[in-house]
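# Model the following, please.
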Amino acid sequence: MSSAAEILVIIVSVVLSIFLIVGIILAIYLIRLSAEIRRIAQSTQQTVSSLGDAVQGVIKMTSPVILAKTVGQFVKKYTKRSRKGE
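This is a model prediction of the structure:
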């Protein structure tokens, strides 16, 4: 093999080694990133679940309040009409 070919083989080997090292580093960062995304997704899911439970509680509480308010308004209207009619 000529010296030019040996130099090219060495250059290609060095470049491939650099790409291999960069690839390994990127793979490690991607694994860390995916673990962080998984943690964020779980935290978000728990938060949404808690908010859903809170909304359900508010709905259960406001439904009787709204019903009582509506009934109270009808009672007031009925008593006003019956007083006027007397």
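
# Against residue 57, how distant is residue 65?
13 Å (Cβ to Cβ, to the nearest Å). Backbone N, C-alpha and C define where each C-beta goes, glycine included.

# One more: residue 79?
Residue 79 is 34 Å from residue 57, by Cβ to Cβ.

# same thing with residue 37?
30 Å.

# Mind jotting down where the helices sit in the protein?
Assigned helices in the chain, in chain order: 3-85 (criterion: DSSP state H).

# how about stretch 38-52: buried residues?
Using 16 or more other Cβ atoms under 10 Å as the burial criterion, none of the residues of stretch 38-52 qualify.

# avg pLDDT for it?
Regarding stretch 38-52, the rounded mean pLDDT is 92.

# Stretch 79-86 now?
Stretch 79-86 comes out at a mean pLDDT of 68.

# Could you number the chain from 7 rather than 1 from now on?
Shifting the count to begin at 7 puts that one at stretch 85-92.

# ok, residue 12 - how many residues close by?
Applying other Cβ atoms under 10 Å, we find 10 residues neighbouring residue 12.

# Mind pulling up the pLDDT for it?
Looking at residue 12, the pLDDT reads 94.
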